[in-house]
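Enquirer: how would this look folded up:
(chains A and B)
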Amino acid sequence: MTPNGLVLETTELAKQFGRLHALRSISLTVELGEFLTIFGRNGAGKTTFLRIVSSLIRSYSGKVTLFGKDLRKAEEDTRRRIGFISHESFLYKDLTVADNLTFYGRLYGVNPLQESVENIIARVGLEEKRNVVMRALSRGMKQRLSLARAFLHKPELLLLDEPYTGLDERACEILDEVFEGFINEGGTIIMTTHNIERGMKQANRIVVFDKGSIVHKAKTSDINIDDFRKEYREIISQ
Amino acid sequence: MTRTILTILWKDLKIELRTKEAFSASFVFCIIVLVIFNFTLDLTTEEALRLGPGFLWVAFAFAGVLSLNRSFALEKEEGCAQALMLAPVDRGAIYVGKLLANVIFMLVTEIIILPLFVVFFNLDLGGKIPPLLLIFFLGTVGFASVGTIFSAIAANTRMREVMLPILLLPITIPVLIAAVETTAYAMGVRDEASFWFRLLIAYDVVFTVASFLAFEYVVEE
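Expert: So this is what the prediction gives:
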């Protein structure tokens, strides 16, 4: 975190894929403990933004400051402090529950490893499945294992890329509970989604991306959800 | 870095021990090649010694492609490749871990195939086994060093099964020729192979180092 309480600060962030401008001069700040939701249609630049912040994409113009450090100079250190959840599980189908978590724990240098793995398995209620391969788990269990993977190294910033995609209502509620708990423990979340209800539910602030630019930003406390829904439809229909 | 290499290796070995996908495909392919050559050519012992190195490396190379295709394909499932790139580790270490796993998978097949080759062609390789194993190791490292990075490239394409051999086989021709020549020397068919032995080592060093350095740019989106 920076002395001014910012977890993330991007300054004139831009990214081009060939002739396509995926991001154009994005300047954005995210404070410690904040839940920021990024809305936008497909191709608006939401995922590109998350991929740059998580250093999956490393060639861009502008500046990204994460936890007070220039991202280009402190990639490995900042990656250790980030948890990433998308609609893909990031799990190996032929490894057991315990092996999947042990693998990621080793990569992130989790210490003590075995104790942390057992604790998180218990926390997500998969003790009886610890030696079962991931492909044999039910959809709900896979989701819990995926969450355990993301939280195993105790991230300070969660990046959520369309986390609700393909989930039923109960699974979405479980995700909401987990995110709420993470924010209450002092974590920070940046989420991209198309789902206005879910995106507004817990966020402190929203931004709307369109054609790589920020076209709308507001605090959720200042927004009437019905008005925002109309406004959002107008933006994405242009 | 060592921790990351061993972690990647541990993960790939665990998956392979459970599924045996890379081994079973490459082993069956090698057996078929040997059986076809054995029954169609009906070679004398001298002819088998002269042609054997070529048979072996044809089988090893194509079996290696089958094994390498699997290497990064399994990372694409469920977005695991992305998760690896998100981890706070040197991406070069991921390459080395994958390379070691691929070398082990290929060597296991080669070591099992060698005695079968001896039996099929009725050969006596007696004291020639240790130098043969050294050459198998060096040839496999060279082949897998390029194969591992091309497997990562091919995994991002729509036709990865077709793309990998198209990319890999032309660039590995030098190491395959060197491996065939040095194998022939180890079997007592050639009198001299020092040039090919030096080429084998040079190829291993150059392509392993180049692939290690290039890997992080290859996997970047």
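
Enquirer: Give the other helices and strands that the lengthiest helix in chain B contacts.
Expert: When chain B is parsed with DSSP state H, its longest helix is helix B:45-76. Counting contacts by 3 or more CB pairs under 8 Å, 6 or more residues apart in numbering or on different chains; DSSP states H and E, helix B:45-76 packs against helix B:21-41, helix B:80-86, helix B:91-120, helix B:129-155, helix B:160-171, helix B:173-186. No exception for glycine: its C-beta is placed from N, CA and C like everyone else's.

Enquirer: Adding mean pLDDT, write the ones you listed out as CSV.
Expert: Shown next, in CSV, are these (pLDDT from 0 to 100):
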stretch, mean pLDDT
helix B:21-41, 87
helix B:80-86, 90
helix B:91-120, 92
helix B:129-155, 92
helix B:160-171, 87
helix B:173-186, 94
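
Enquirer: Look up the closest residue to the residue in chain A positioned nearest to chain B, ignoring the ones flanking it.
Expert: Relative to chain B, the nearest point of chain A is residue A:88 (3.2 Å; CB to the nearest CB). Leaving out its chain neighbours, the residue that sits closest to residue A:88 by CB to CB, 6 or more residues apart in numbering or on different chains is residue B:79, at 3.2 Å.

Enquirer: if I look at the one you found, how far off is residue B:121?
Expert: 47 Å (CB to CB, to the nearest Å).

Enquirer: Kindly report the same for residue A:5.
Expert: 75 Å.

Enquirer: pretty sure residue B:26 contacts residue B:64?
Expert: Yes: the criterion here is CB atoms under 8 Å, and residue B:26 meets it with residue B:64 at 6.9 Å.

Enquirer: Now for these two: what residues contact both?
Expert: The contact sets of residue B:26 and residue B:64 overlap at residue B:106 (CB atoms under 8 Å, 6 or more residues apart in numbering or on different chains).

Enquirer: neighbour count winner among those two?
Expert: residue B:64 (31 against 26; other CB atoms under 10 Å in any protein chain shown).

Enquirer: wait, what's in contact with that one?
Expert: Contacts of residue B:64 (CB under 8 Å, 6+ apart): B:26, B:102, B:106, B:140, B:143-144, B:147.

Enquirer: Give me the average confidence score over the host helix or strand of residue A:173.
Expert: Taking DSSP states H and E as the definition, residue A:173 sits inside helix A:169-184. Across helix A:169-184, pLDDT averages out at 82.

Enquirer: tell me what it is packed against?
Expert: Looks like helix A:169-184 contacts helix A:139-151, strand A:157-161, strand A:188-192, helix A:196-201 (3+ CB pairs under 8 Å, 6+ apart).

Enquirer: As TSV, those with mean neighbour count and mean pLDDT would be great.
Expert: Shown next, in TSV, are the helices and strands packed on helix A:169-184 (neighbours: other CB atoms under 10 Å in any protein chain shown; pLDDT from 0 to 100):
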stretch	mean neighbour count	mean pLDDT
helix A:139-151	20	86
strand A:157-161	23	91
strand A:188-192	25	93
helix A:196-201	17	83
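
Enquirer: out of residue A:5 and residue B:121, which sits in the busier spot?
Expert: Taking neighbours as other CB under 10 Å, residue A:5 and residue B:121 compare with residue B:121 leading, 20 against 11.

Enquirer: what number of residues lie near residue A:206?
Expert: 23.

Enquirer: quick one: the helices in chain A?
Expert: Under DSSP H, chain A gives helices at A:46-53, A:75-80, A:97-107, A:113-123, A:139-151, A:169-184, A:196-201, A:225-237.

Enquirer: ok, what's across the strand from the residue nearest the centre of chain A?
Expert: Residue closest to the average C-alpha location in chain A (CA atoms, centre = their mean): residue A:159, at 1.7 Å. For residue A:159, the beta-bridge partners under DSSP bridges are residue A:84, residue A:190.

Enquirer: my read: it touches residue A:52, true?
Expert: No: using CB under 8 Å, residue A:159 is not in contact with residue A:52, being 10.6 Å away.

Enquirer: List the residues that contact residue A:179.
Expert: A:35, A:158, A:160, A:189, A:191, A:202.

Enquirer: out of those, which one sits closest to residue B:42?
Expert: residue A:160 (65.4 Å; CB to CB).

Enquirer: ok, that closest one - contacts?
Expert: Neighbours of residue A:160 in contact, by CB under 8 Å, 6+ apart: A:85-86, A:179, A:189-193.

Enquirer: just residue A:69 next, same as before
Expert: A:77-78.

Enquirer: same deal with the one 10 residues further on?
Expert: Each residue near residue A:79 by CB under 8 Å, 6+ apart is listed here: A:54-55, B:86-88.

Enquirer: pLDDT score for it?
Expert: The predicted local confidence for residue A:79 is 88.

Enquirer: and residue B:203, how far is that from residue B:87?
Expert: Counting by CB to CB - residue B:203 and residue B:87 are separated by 30 Å.

Enquirer: now residue A:113
Expert: For residue A:113 relative to residue B:87 (CB to CB), the value is 14 Å.

Enquirer: If you count surrounding residues, which of those two has more?
Expert: For residue A:113 and residue B:87, the more surrounded residue by other CB under 10 Å is residue B:87, and the numbers stand at 22 against 15.

Enquirer: which residue packs closest to that one, ignoring adjacent ones?
Expert: residue A:107 is the one closest to residue B:87 (CB to CB, 6+ apart), at 4.2 Å.

Enquirer: what about residue 102, neighbour count?
Expert: Chain wasn't specified; assuming chain A. Going by other CB under 10 Å, the residues that sit close to residue A:102 add up to 22.

Enquirer: um, chain B though
Expert: Counted with other CB under 10 Å, residue B:102 comes out at 26.

Enquirer: try residue A:208
Expert: 22.

Enquirer: Surely it and residue A:228 touch.
Expert: No: assessed by CB under 8 Å, residue A:208 is found out of contact with residue A:228, at 9.1 Å.

Enquirer: Which residues are in contact with each of these two?
Expert: In contact with both residue A:208 and residue A:228: no residue, using CB under 8 Å, 6+ apart.

Enquirer: mind checking which helix or strand of chain A has the lowest mean pLDDT?
Expert: Lowest on mean pLDDT, DSSP states H and E among the helices and strands of chain A sits helix A:225-237, with a mean of 80.
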